[in-house]
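S.K.: Need coordinates for the below:
(one chain, ligands or ions: 2)
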Amino acid sequence: MEKYDVVILGGGNAGMGVTVATRAAGLSVALVEARDLGGTCPNRGCTPKKVLVAAAHALHELERADRHAIKVGTPRLDWRALIEREKEIIRDIPSRLSGLMVRRGVDVIHGEAAFIGSNAIRVDGRELEARNIVIAAGSKPRSLPIPGAEYLTTSDGVLSDPELPRAVVFIGGGVIAFELGHVYARAGVDVTILEALPQLLAGFDEDAVAQLRGESERLGIGIHTKAWVKRIDETDGRLQVSFAKDGVESVVDADRVVNCAGRVANVEGLDLGAGVVVHREGRIEIDDHLRSRSNPDVYVCGDAVWNSPQLSPIATYEGEIVGRNIVDGPKHRPDYSHIPASLYSIPAMASVGLTEAKARERDLHVKVHVNDMQGWLSARTYAEAVAWSKVIVEEPTDRIHAGEELIHIFALAMKHGIPARGLSEMVYAFPTFSADIRNMM
Ligand SMILES: Cc1cc2nc3c(=O)[nH]c(=O)nc-3n(C[C@H](O)[C@H](O)[C@H](O)COP(=O)(O)OP(=O)(O)OC[C@H]3O[C@@H](n4cnc5c(N)ncnc54)[C@H](O)[C@@H]3O)c2cc1C
Ligand SMILES: NC(=O)c1ccc[n+]([C@@H]2O[C@H](COP(=O)([O-])OP(=O)(O)OC[C@H]3O[C@@H](n4cnc5c(N)ncnc54)[C@H](O)[C@@H]3O)[C@@H](O)[C@H]2O)c1
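M.R.: Ligands and ions are numbered 1, 2, ... in the order given. Got it, this is the predicted structure:
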């Protein structure tokens, strides 16, 4: 049995985050990765997705060029070349990360790992024993147990598909559906989003979501909430998605049906039982320090944590906290209250802090400033189709609880306790979107 201080299962943002403090402290660290170093974000998530979003931005600018008195012809998108561009941009990321791990002194082992004991794992016939084992195995799409589920594709498929489909149905009205749906719609694809709940994009303020829904529908995206997908059939290479809404059954035709119904911890193949890691259907029971409740030598971080947001900076942040807990003992806890999140539709929708509903649930005394900014000079200058903000300020302390769009200025203010007044009193360069902050609250 090979011995290490720390063995990390998964080489994404979370797993690599763990290596920072553990290697700085001189511990011996092995990181096991089954696929590409970097994991989802650079290889199958944020980065390749943003390449497609950037192209959609260019199409969006062309669409409104006439508002700036510019005449352009009808743009023609070469989708295959765009996918090649996306792949080219991310191609060398795993090898660059591999170099980083070598320089940091981490042993990278390729293969699929599983527990064989409370402090031991097996990977490709090798057995490794460690004082601490970290589960950083990420997430995978939630399976949809419907007839015809074999016809489903996922965001992985979309990001690698060289053919531009004519029609796409997204099952689930969350972040992935809206981001990829906006790209497809601007590329001329017929897009439908089917969401089971009455509310789209849970977690964002409902009135902000209403703005985005309006703009998505203006683009031609068909959106159905309270839609229960019953089955997917195939006829002559085309797919038919049957769904029920308000007791009425309907069918939408598509070339692709994308499972965007959320992601669950990717821990099925880890043999958690052998590792004495207690879980409920893949939800590992952890304490405030991200440590398994049943096996204190095991930590969990990133998307594999079932109850924190599945975002790349959070995966890195949790990984770094786990690394520090391994070095210092279980002292450090994550604080998610000032972490911004952004949805890369066009326009993007961003938020930080509590939603208005959550602030009211907590009985906070808040003043809510909602602004439709479409008529403001900055939005008119850039011919923005939608410009909207909501700032929630806690009255007694004058602290900001949520912002939209210029999100990092708000996040910085929240993190460092700068009151709303501090942001209004700031002198901003003009004309800029940041200068609008003075008038938002
Ligand atoms: C389409 C898409 C777009 C996204 N866009 C954004 C965005 O714009 N901004 C944002 O903040 N977040 C975004 N995310 C979320 C973000 O990608 C994740 O939150 C982040 O990558 C999670 O990092 P992680 O290290 O926890 O998991 P991962 O990056 O998934 O890494 C886990 C790694 O573990 C490996 N692994 C799993 N099981 C084993 C095993 N048994 N043995 C060895 N290795 C194993 C996997 O191969 C994988 O590489 C997006 C996600 C998707 C799917
Ligand atoms: N910009 C970003 O930060 C970004 C981008 C992409 C993905 N991500 C991360 O990836 C994760 C997964 O994204 P996602 O869009 O798959 O999940 P999501 O959790 O954002 O949305 C899933 C949606 O599917 C719905 N749903 C579930 N089962 C359904 C069913 N049977 N029929 C119809 N609707 C159903 C849910 O009610 C929910 O609205 C997110 O949690 C997010 O954190 C982040």
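
S.K.: pLDDT wise, what is the residue in the chain positioned nearest to ligand 2 at?
M.R.: Closest contact between the chain and ligand 2, by CB to the nearest ligand atom, is at residue 174 (1.8 Å). Where C-beta positions appear, they are placed from N, C-alpha and C, glycine not excepted. We have a pLDDT of 97 for residue 174.

S.K.: the helices in the protein, which residues?
M.R.: 13-24, 40-44, 46-63, 79-90, 93-104, 155-160, 175-186, 206-218, 312-328, 356-361, 377-381, 407-415, 420-425, 437-440 (DSSP state H).

S.K.: ok, back up a step: would you confirm that the residue of the chain closest to ligand 2 contacts residue 201?
M.R.: Yes: counting by CB atoms under 8 Å, residue 174 touches residue 201, with 6.2 Å between them.

S.K.: List the residues that contact the closest residue in space to residue 159 that isn't next to it in sequence.
M.R.: Spatially, and ignoring its direct neighbours in sequence, residue 159 is nearest to residue 48 (4.8 Å; CB to CB, 6 or more residues apart in numbering). The contact partners of residue 48, by CB atoms under 8 Å, 6 or more residues apart in numbering, come to 42, 86-87, 89-90, 159.

S.K.: Please spell out the PyMOL selection for the buried subset of the residues you listed.
M.R.: To isolate in PyMOL the members of the contacts of residue 48 that are buried, counting by 16 or more other CB atoms under 10 Å, one can use:
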select buried, resi 42+86+90+159
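
S.K.: Would you mind giving the contacts of residue 48 as TSV with pLDDT and distance to ligand 1 added?
M.R.: Below are those laid out as TSV (pLDDT from 0 to 100; distance: CB to the nearest ligand atom, whole Å):
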residue	pLDDT	distance to ligand 1
42	96	8
86	98	12
87	98	15
89	97	14
90	97	12
159	98	7
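
S.K.: so which of the contacts of residue 48 comes closest to residue 114?
M.R.: residue 42 (25.1 Å; CB to CB).

S.K.: Which residue comes closest to that closest one once chain neighbours are left out?
M.R.: residue 93 (4.5 Å).

S.K.: residues touching the one you found, list them.
M.R.: Residue 93 touches 36-38, 42-43, 47, counting by CB under 8 Å, 6+ apart.

S.K.: how does it look with 10 Å?
M.R.: Listed by CB atoms under 10 Å, 6 or more residues apart in numbering, the contact set of residue 93 reads 36-38, 41-43, 47-48.

S.K.: Quick check, residue 378 in contact with residue 438.
M.R.: No: using CB atoms under 10 Å, residue 378 makes no contact with residue 438, being 11.7 Å away.

S.K.: In terms of neighbours, single out the busier of these two.
M.R.: Legend: neighbour count by other CB atoms under 10 Å for residue 378 and residue 438, higher for residue 378 (17 against 14).

S.K.: before we move on, back to that, now render the helices of the chain as JSON lines, adding distance to residue 391.
M.R.: Shown next, in JSON lines, are the helices of the chain (distance: least, CB to CB, whole Å):
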{"stretch": "helix 13-24", "distance to residue 391": "30"}
{"stretch": "helix 40-44", "distance to residue 391": "29"}
{"stretch": "helix 46-63", "distance to residue 391": "25"}
{"stretch": "helix 79-90", "distance to residue 391": "35"}
{"stretch": "helix 93-104", "distance to residue 391": "37"}
{"stretch": "helix 155-160", "distance to residue 391": "32"}
{"stretch": "helix 175-186", "distance to residue 391": "22"}
{"stretch": "helix 206-218", "distance to residue 391": "12"}
{"stretch": "helix 312-328", "distance to residue 391": "22"}
{"stretch": "helix 356-361", "distance to residue 391": "10"}
{"stretch": "helix 377-381", "distance to residue 391": "16"}
{"stretch": "helix 407-415", "distance to residue 391": "8"}
{"stretch": "helix 420-425", "distance to residue 391": "7"}
{"stretch": "helix 437-440", "distance to residue 391": "5"}
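
S.K.: quick one, what contacts the residue of the stretch 251-400 of the chain found nearest ligand 1?
M.R.: Nearest residue of the stretch 251-400 of the chain to ligand 1, counting by CB to the nearest ligand atom: residue 302, 2.2 Å away. Shown here is residue 302, whose contacts under the criterion CB under 10 Å, 6+ apart are 10, 12-18, 39-41, 134-139, 265-266, 290, 308, 310-312, 314-319, 322.

S.K.: on that earlier part again, ok, now how distant is the residue nearest to residue 42 from residue 37?
M.R.: Between residue 93 and residue 37 the distance is 8 Å, computed by CB to CB, to the nearest Å.

S.K.: Now the common contact residues for the two.
M.R.: Going by CB under 10 Å, 6+ apart, residues that sit against residue 93 and also against residue 37 are residue 43.

S.K.: pLDDT below threshold where in this protein?
M.R.: 396-405, 431 (pLDDT under 70).

S.K.: could I get stretch 223-235 in PDB with only the CA atoms?
M.R.: Coordinates of each C-alpha in stretch 223-235 appear next as PDB, following Å, rounded to 0.1, in the frame of the first residue of the first chain:
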ATOM      1  CA  ILE A 223     -41.200  28.900 -22.200                       C
ATOM      2  CA  HIS A 224     -43.600  26.600 -20.400                       C
ATOM      3  CA  THR A 225     -43.700  26.500 -16.600                       C
ATOM      4  CA  LYS A 226     -45.600  23.800 -14.600                       C
ATOM      5  CA  ALA A 227     -44.800  21.500 -17.600                       C
ATOM      6  CA  TRP A 228     -44.400  17.800 -16.800                       C
ATOM      7  CA  VAL A 229     -42.400  15.900 -19.400                       C
ATOM      8  CA  LYS A 230     -44.000  12.500 -20.000                       C
ATOM      9  CA  ARG A 231     -41.900  10.900 -22.700                       C
ATOM     10  CA  ILE A 232     -39.600  11.300 -25.700                       C
ATOM     11  CA  ASP A 233     -40.300   9.500 -28.900                       C
ATOM     12  CA  GLU A 234     -38.300   9.300 -32.100                       C
ATOM     13  CA  THR A 235     -39.700   9.200 -35.600                       C
END
